[in-house]
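*Asks:* sequence first, predicted model second:
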Amino acid sequence: MDSFIINGGPRLRGRATISGSKNASLPIMAATLLCEGQTVLRGVPELADVAALIKLLQKLGVSVTRQPDGALVLQVEDEMDCHANYDLVRRMRASVCVMGPLLGKRGKAQVAMPGGCAIGDRPINLHIMGLRQLGAEAELIGGDVYLRSKRLTGAEIFLGGPFGSTVTGTANVMMAATVARGRTVIEAAACEPEVVDLANFLNKCGARIEGHGTPRITIDGVSQLKGCEYQVIPDRIEAGTFMMASAITNGELRLSNCRLEHMLAVVDRLRAVGVNIEKEDNEVVVSSARRLEPVEVTTQTYPGFPTDLQAQIMALLCLADGNSIISERIYPDRFLHVAELGRMGARLRREGPTVMVEGVKRLTGAPVMASDLRASAALVLAGLIAKGQTRVNRVYHIDRGYERIDEKLASIGADIKRVPQSDEE
Ligand code: EPZ
């Protein structure tokens, strides 16, 4: 297990290129299970989660190769195996995205229930309910969900849950419905750009989907999908993390491959904090040169402020000039970073799904533990500005979702170094 050693202080300056979106790539890769022929995906980042899904797709009979130019080439060779086992799903929850395509194309899917994770319960009841309404029989045996159907049939499905819409649940039902008989309408569908990207990919493969990006998606089933060439959207969460890295060090960054139209809530909150964010040619320029203002932040489904940036903005607000309030509406228990930031001198008080942040003048470097992907990113941000040295342990979490973040940050002036476990002891 690697760690990051960060010496806080340097202002970040220069250019960084945002990678393709992890959370768009994973369901799009799973969707190739539906396709005849070859698919070429550009912009799929090299991440541990992508590697885990490649392993699962290979087990399910898909050949997957990375071309020298980085493009991922996928083609179904064998349709016999329909089992996503516990070992794979437990390590990478987005593995559940194979459920809809396997059921739609192969008529059956056996997928391990993912179980709990560091950010909360994360059930998949809505995925199963939606697939049942398309006509699948579902039962739970030995921790695996068995789904079966000769041919799915379109239906009107309400997919809302206690915390709003579901991103991968919408993806699963939408993928299965592309090859169902007749019309499916998904109400309370997730509107996230990653769902829109998946729908755009499926349409390019021959699907007939309309309304993606709104809460009502209509899908007219087709008999067959054919692989295509597709460019995945940039990662809005990585872009937001780099904006906050710039802000926390009072730096100036130019980000390329960054789509501001996918991040208006983030831009709104960062501008309220006092960060300048401007578009110049094809780049986004992020700068700030003064003490940051406190703000209120509430995470919501898209287009609201994303839960996947809650931990990072908390790190930033630790240094604001006053008291901020952060409310988490998607994962009420996603606060493992609170205690770790506390070890660095942050003044945080949690009450249920809300954290009061009392801004301090400085954070102090400390050994801290990464607990999940975005919490780890928050600790790295805090380390960039903390006085002295911060060691972020267990950075395999961050490698799941940020492509070479240590190298990217070092190239814009951060003093960050990856050390393998043997060097630490
Ligand atoms: C996706 O997870 C993302 N993962 C998550 O990113 C992200 O945090 C989340 O959406 C919310 O934006 C991928 O896209 C691969 P949900 P997903 O179903 O689809 C409840 C990251 O750091 N719910 O939209 O699993 C659920 O508990 C990750 O990159 C049900 O009640 O999230 C939560 O409160 C972590 N029943 C809310 O809905 C269900 O069947 C939203 O979850 C499904 C979800």
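*Replies:* Structure's in. What do you need?
*Asks:* residues near E407, how many?
*Replies:* The number of residues packed near E407 is 10, by other CB atoms under 10 Å. (Each C-beta comes from the backbone N, C-alpha and C, glycine too.)
*Asks:* just the CA atoms of the helix or strand hosting it, as CSV, please.
*Replies:* Per DSSP states H and E: E407 is located in helix 405-411. What follows is helix 405-411 as a C-alpha-only set of coordinates in CSV (Å, rounded to 0.1, in the frame of the first residue of the first chain):
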residue,chain,number,x,y,z
ILE,A,405,-2.9,12.6,-9.1
ASP,A,406,0.5,12.8,-7.4
GLU,A,407,2.3,13.3,-10.8
LYS,A,408,-0.3,15.9,-11.9
LEU,A,409,0.0,17.9,-8.7
ALA,A,410,3.8,17.7,-8.7
SER,A,411,3.8,19.1,-12.3
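*Asks:* quick one: mean pLDDT for that helix?
*Replies:* Per-residue confidence for helix 405-411 averages out to 98 on the pLDDT scale.
*Asks:* mind saving the C-alpha coords of stretch 366-378 as CSV?
*Replies:* Extracted as CSV, the C-alpha positions of stretch 366-378 are listed here (Å, rounded to 0.1, in the frame of the first residue of the first chain):
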residue,chain,number,x,y,z
ALA,A,366,0.0,15.0,10.3
PRO,A,367,-0.2,11.3,9.4
VAL,A,368,-3.8,10.7,8.2
MET,A,369,-5.7,7.7,6.9
ALA,A,370,-7.5,7.7,3.5
SER,A,371,-10.9,6.0,4.0
ASP,A,372,-12.6,6.4,0.6
LEU,A,373,-11.8,8.0,-2.7
ARG,A,374,-13.1,11.5,-2.2
ALA,A,375,-12.1,11.7,1.5
SER,A,376,-8.6,10.9,0.4
ALA,A,377,-8.6,13.7,-2.1
ALA,A,378,-9.7,16.1,0.8
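*Asks:* can you give the contact residues for that stretch?
*Replies:* Contacts made with stretch 366-378 from outside it, assessed by CB atoms under 8 Å, 6 or more residues apart in numbering, are listed as 117-119, 237, 241, 308-312, 314-315, 334, 336-337, 340-341, 343-344, 379, 382-383, 386, 390-398, 400-402, 405.
*Asks:* only whichever of those are buried, select them in ChimeraX.
*Replies:* Selecting in ChimeraX just the buried members of those, where the criterion is 16 or more other CB atoms under 10 Å, is done with this command:
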select :119,237,241,308,309,310,311,312,314,315,334,336,337,340,341,343,344,379,382,383,386,390,391,392,393,394,395,397,398,400,401,402,405
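*Asks:* of the contacts of stretch 366-378, which are in range of the ligand?
*Replies:* With respect to the ligand, and counting by CB under 6 Å from any ligand atom, the subset of the contacts of stretch 366-378 in contact is 308, 401.
*Asks:* now, the contacts of stretch 366-378 that are in strands?
*Replies:* Using DSSP state E, the subset of the contacts of stretch 366-378 located in strands is 390-393.
*Asks:* nearest to the ligand among the residues you listed?
*Replies:* The ligand lies nearest to V392 out of the ones in strands among the contacts of stretch 366-378, by CB to the nearest ligand atom, at 16.4 Å.
*Asks:* name the nearest residue to the closest one, sequence neighbours excluded.
*Replies:* Counting by CB to CB, 6 or more residues apart in numbering, V392 lies nearest to F4, which is 4.5 Å off, once chain neighbours are set aside.
*Asks:* quick one, what contacts that neighbour?
*Replies:* Taking CB under 8 Å, 6+ apart as the test, what F4 contacts is 380, 383, 390-392, 395, 398, 406, 416-419.
*Asks:* identify the bridge partners of it.
*Replies:* V392, R418 (DSSP bridges).
*Asks:* where's it relative to L379, distance?
*Replies:* F4 sits 9 Å away from L379, going by CB to CB, to the nearest Å.
*Asks:* how about the residues of the protein near the ligand?
*Replies:* 23, 26, 94, 121-127, 161-163, 166-169, 194, 306-308, 330-331, 373-374, 401.
*Asks:* filter those to the buried ones?
*Replies:* By 16+ other CB under 10 Å, the residues of the chain next to the ligand give 23, 26, 94, 123-124, 126-127, 166-169, 194, 306-308, 330-331, 373-374, 401 as buried.
*Asks:* let me see the contact set for K408.
*Replies:* The contact partners of K408, by CB under 8 Å, 6+ apart, come to 16, 242.
*Asks:* run the last query once more with 10 Å
*Replies:* The contact partners of K408, by CB atoms under 10 Å, 6 or more residues apart in numbering, come to 16-19, 238, 242, 245, 402, 414, 416.
*Asks:* V167 now?
*Replies:* When contacts are counted by CB under 10 Å, 6+ apart, V167 touches 23, 27, 94, 97, 189-192, 194-195, 198, 301-302, 330.
*Asks:* now with 8 Å?
*Replies:* By CB under 8 Å, 6+ apart, V167 lies in contact with 23, 190, 192, 194-195.
*Asks:* for C117, same thing?
*Replies:* The contact partners of C117, by CB under 8 Å, 6+ apart, come to 93, 372.
*Asks:* how far away is it from R93?
*Replies:* The value you get for C117 to R93, if CB to CB is used, is 6 Å.
*Asks:* now do T299
*Replies:* Plainly put, T299 is 18 Å away from R93 if you go by CB to CB.
*Asks:* neighbour count winner among those two?
*Replies:* For the pair T299 and R93, the greater number of neighbours falls to T299 (22 against 17), based on other CB under 10 Å.
*Asks:* was I right to think the more buried one contacts F335?
*Replies:* No. T299 is beyond contact range of F335, at 11.5 Å (criterion: CB atoms under 8 Å).
*Asks:* any residues in contact with both of these two?
*Replies:* When contacts are counted by CB under 8 Å, 6+ apart, T299 and F335 are jointly contacted by E328.
*Asks:* next, count neighbours for K22.
*Replies:* Applying other CB under 10 Å, I find that K22 has 25 neighbouring residues.
*Asks:* swap that for D333, sorry
*Replies:* A count of neighbours around D333, defined by other CB under 10 Å, yields 13.
*Asks:* not counting sequence-adjacent ones, nearest residue to it?
*Replies:* Distances taken as CB to CB, 6+ apart put G120 closest to D333, at 4.5 Å, once the chain neighbours are dropped.
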